[in-house]
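# need a structure here:
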Amino acid sequence: MCGIAGFYVFAGGPPGDDRACLDQALQLQANRGPDGTGSYVTGDGHAGVGHRWLKIVDLDPRAKGPLANEDGTIQLVFNGEIYNARGLRTELGRLAHRFRTRSDAEVVVHGYEEWGLEVLPRLTGDWAFGLLDTGKDRIVCARDRFGVRPLHYLLQPGRLAFASAIRALRPWRSCLAPNWPKVADFFLRGYRYLDDGTETFFADVWQVPPASLLIADSQGLAVRRWWRLDPAAPPPPEAELEERLRELLRDAVRIRLPEHWRPAFCVSGGFDSSSLLCLAAEAGCRCPDVLSLQTADPLLDESELARRVARHAGARLHLVRPTGEDLAVSLPELARRHDEPIPAAAWFAHDCLVRAAAQGDHRVVLFGHGLDELGGGYHDHYAFHLADLRSSGNAAQYGAERRAYARLFAASDEDLDELLKRTCDAQGRFCAPLYLQAQEQFHDQLAPELVAAAATRTRRFQPEAPFDSQLKNSLYRDLTIETIPAMMRVEDEACMSVSLENRVPFLDHRVVELLMALPPHLLINGGRTKHALRLAMQGILPEEIRSRTAKRGLNVPLHNWLLGPCRGLVAAIANARLWRETGVLRGRELPPLPPALSFLEAAFYWRALAFYYWYVAHVRT
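Coordinates of the predicted model:
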């Protein structure tokens, strides 16, 4: 992981001190690259790129960016890792390209020389880069398939600026206004706020979307996709599926184990993160450090399961015990480190884990994200699976799955019907407005004009439905506009605040392509999610975890904390002038905490706290 920045002044653009702005942008990203900095600006000053270096792959100082081709006409700044760089380097070497470093990023320089923009589909990894091509007088910015690495830009009259972090764009525009419709969406939908990969929480700052590239040249600015998931891709034969999926999972984990650094793993004790740890141990990762959470709430605590899987993998377990007192003290600083609001209190727990990993002298931390989204692991996925079966006309299979679900989750027929109503119309078809509205909460707490702005924004989100299965379209939404985008954003900011590189093996595009090609019955079967994944992990994962259906994850007892050690946090901001200035809340103040809090009510107060401290840290500057 590194920090990158750059600029391009279009013909006729107003003069500005872009060199100084670039230097400031790099300084503002010092935490992303504490091991060195470098920049390149054209002779006439109309374009430039800069790099903050976090040494992971090639420890030689020559690997610090910008990286250039032989004649210096291409200057690359790069963030992330390319895991198939060795094979690409060999191929490009046969084509007479000369490499100056062992950096994986240098394959982009020579790959671009050889194949142009067609180098992008050849890359396996998680990355974002800016490339200055002085021969064609253009800047190319590109981002990996699932947006694991961030890339933001600011477009002003006659000028483009880009950077990894939003804060690094402030040298070009110090005052950034909120994107109020997205703020409203955040209040209404929490961590499932809609993110199409273009907007941010600031009105004038944009993202280069995942799997997309941006080109700035004398013709102007253009953004387009370079990769799409193929919904017509055939699944592997079922007789070969278990072994093929197992080998893909093994390889995705193996290639992400760092060569020079001892990795840390964040493990909850659930299926996904435990699978990651066990696959890493199988690949030869000896005695790794495992970070896990321990809470006083028995409904949330999975530390005993984490202990068992760590023992199974021969890992050293380090339990982190965040408290409500910790949150009360650290929330303002936590908000300052994140450029956008923190979606849920669970990310406070993640922040505690990555900070513990950094104190253990690690450079790389691995997470098991992605298998819930790809394997049908969330509760609402059952609704879409049942809707698929109901509309197929296969009454026997539909009835069998309903009974299996009811047995596993002690659900009544009324519970199942209510689950279906939240996502589908009377004919069992997916209904986008119904689905989106069902996820919204707290309309009565927000100012009416903000609710209206959110509704206008929501109407623009007619989710893509490239598959002929409602379940698979639901997975696709999670992957592209719901949980994964928010997850990748917050995790990147948490890790980069302490100069750690995060890696997410299960978002390897080969794994995604295989799982998204599977028919629904291999995703949910007999009331159990992740059916194909559970088969693939047989013999690798401890059986009690492989067959477990309960889902908790890394979480904290926020509802208890708000009524205890964090009560003062809410009281301190309840009548703050900010509510009257912004007009976000209908009553122009935060309602007092009730004597008891449901999980849902606690989520509202979290969103208010997260918004307040974000606004203070990043808007009132």
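# so how far is M537 from the closest residue in space to R534 that isn't next to it in sequence?
Once flanking residues are discounted, R534 sits nearest to R546: 5.7 Å by CB to CB, 6 or more residues apart in numbering. The C-beta positions use only the backbone N, C-alpha and C, and glycine is treated the same way. Distance, R546 to M537, using CB to CB, to the nearest Å: 5 Å.
# circling back to that earlier point, which ones are touching the residue nearest to R534?
Contacts for R546 (CB atoms under 8 Å, 6 or more residues apart in numbering) come out as 271, 534, 537-538.
# can you tell me the centre-most residue of this protein?
M488 (1.3 Å; CA atoms, centre = their mean).
# any idea which element that one lies in?
M488 is part of helix 483-496, with elements assigned from DSSP states H and E.
# elements contacting that helix?
If you count contacts as 3 or more CB pairs under 8 Å, 6 or more residues apart in numbering; DSSP states H and E, helix 483-496 packs onto helix 346-359, helix 371-375, strand 501-503.
# need the pLDDT of the residue nearest to W227 when sequence neighbours are not counted.
Excluding its sequence neighbours, the residue lying closest to W227 (CB to CB, 6+ apart) is A211, at 4.2 Å. pLDDT, A211: 97.
# thinking again about what came up before, and the helix holding M488, C-alpha only, in PDB?
Only the C-alpha atoms of helix 483-496 are listed here, as PDB (Å, rounded to 0.1, in the frame of the first residue of the first chain):
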ATOM      1  CA  THR A 483     -21.700  -3.800   1.500                       C
ATOM      2  CA  ILE A 484     -18.300  -4.300  -0.300                       C
ATOM      3  CA  PRO A 485     -17.800  -0.700  -1.400                       C
ATOM      4  CA  ALA A 486     -18.300   0.600   2.200                       C
ATOM      5  CA  MET A 487     -16.300  -2.200   3.700                       C
ATOM      6  CA  MET A 488     -13.300  -1.600   1.400                       C
ATOM      7  CA  ARG A 489     -13.400   2.100   2.000                       C
ATOM      8  CA  VAL A 490     -13.400   1.900   5.800                       C
ATOM      9  CA  GLU A 491     -10.900  -0.900   6.000                       C
ATOM     10  CA  ASP A 492      -8.400   1.000   3.700                       C
ATOM     11  CA  GLU A 493      -8.600   4.100   5.900                       C
ATOM     12  CA  ALA A 494      -8.200   2.100   9.100                       C
ATOM     13  CA  CYS A 495      -5.200   0.200   7.900                       C
ATOM     14  CA  MET A 496      -3.500   3.200   6.200                       C
END
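# what's next to it, contact-wise?
Residues outside helix 483-496 that contact it (CB under 8 Å, 6+ apart): 1, 3, 31-32, 146-150, 164-165, 191-193, 195, 197, 210, 337-340, 342-343, 347, 350-351, 354, 365, 367, 369-370, 372-373, 378, 478, 501-502, 504, 507.
# how close does the residue nearest to R534 sit to A383?
25 Å.
# give me the buried positions along stretch 21-35.
21-26, 28-29, 31-33, 35 (16 or more other CB atoms under 10 Å).
# what's the most distant pair in these?
C21 and D35 (22.7 Å; CB to CB).
# for P171, helix, strand, or coil?
coil (DSSP: H, G, I helix; E, B strand; the rest coil).
# what is the burial count for it?
24 (other CB atoms under 10 Å).
# can you pull the contacts of it?
So P171 contacts 20-22, 24-25, 28 (CB under 8 Å, 6+ apart).
# swap in 10 Å and give it another go.
P171 is in contact with 5, 7, 16-18, 20-28, 154, 161, 163, counting by CB atoms under 10 Å, 6 or more residues apart in numbering.
# please narrow those to those residing in helices.
Among the contacts of P171, the ones falling in helices (DSSP state H) are 18, 20-27.
# let me know the closest of the residues you listed to Q470.
A25 (44.1 Å).
# flag the shaky bits of the stretch 201-350 of the chain, pLDDT-wise.
The model of the stretch 201-350 of the chain has no residue with pLDDT under 70.
# swap in 90 and give it another go.
Low-confidence segments of the stretch 201-350 of the chain (pLDDT under 90): 258-262, 269, 284-288, 295-301.
# need the strands for it, in chain order.
Along the stretch 201-350 of the chain, counting by DSSP state E, counting those that start in this stretch, strands occupy 205-207, 212-217, 220-225, 264-266, 289-293, 316-320.
# in its sheet, what does the fifth one sit against?
The sheet places strand 289-293 alongside strand 264-266 (parallel), strand 316-320 (parallel), with pairing taken from DSSP bridges.
# and the ones you listed, which is most packed in?
A comparison of the strands paired with strand 289-293 by mean neighbour count, using mean count of other CB atoms under 10 Å, puts strand 264-266 on top with a mean of 27.
# centre of the chain to it, how far?
Strand 264-266 has its C-alpha centroid displaced from the chain centroid by 17 Å (CA atoms, centre = their mean, to the nearest Å).
# surely L408 is in contact with K551?
No: contact status for L408 versus K551: not in contact, 11.6 Å apart, counting by CB atoms under 10 Å.
# with respect to V183, which of the ones in helices among the contacts of P171 is nearest?
Relative to V183, the closest of the ones in helices among the contacts of P171 is A25; by CB to CB it sits at 25.0 Å.
# in contact with that closest one, which residues?
For A25, the contact set (CB under 10 Å, 6+ apart) comprises 3-7, 18, 39, 50, 52, 161-165, 167-172.
# now do R52
Going by CB under 10 Å, 6+ apart, R52 touches 1-5, 25-39, 64-65, 77, 79, 164-165, 168, 496, 499.
# recalculate using a threshold of 7 Å.
Neighbour list for R52: 2-3, 26, 29-30, 32-33, 37 [criterion: CB atoms under 7 Å, 6 or more residues apart in numbering].
# quick one on the thing from earlier: tell me which of the strands paired with strand 289-293 sits nearest to D133.
Closest approach to D133 among the strands paired with strand 289-293 is made by strand 264-266 (37.7 Å; CB to CB).
# give me the contact list for the closest one.
Outside strand 264-266, the residues that reach it (CB under 7 Å, 6+ apart) are 273, 276-277, 280, 288-291, 353, 357, 360, 362, 365-367.
# just name the closest of those to R403, please.
Distance ranking of the contacts of strand 264-266 against R403, using CB to CB, places S273 first at 30.6 Å.
# correct me if wrong: that closest one contacts G368.
Yes: using CB atoms under 7 Å, S273 is in contact with G368, at 3.5 Å.
# list the buried ones in stretch 10-24?
Buried residues in stretch 10-24 (16+ other CB under 10 Å): 10, 13, 16, 18, 21-24.
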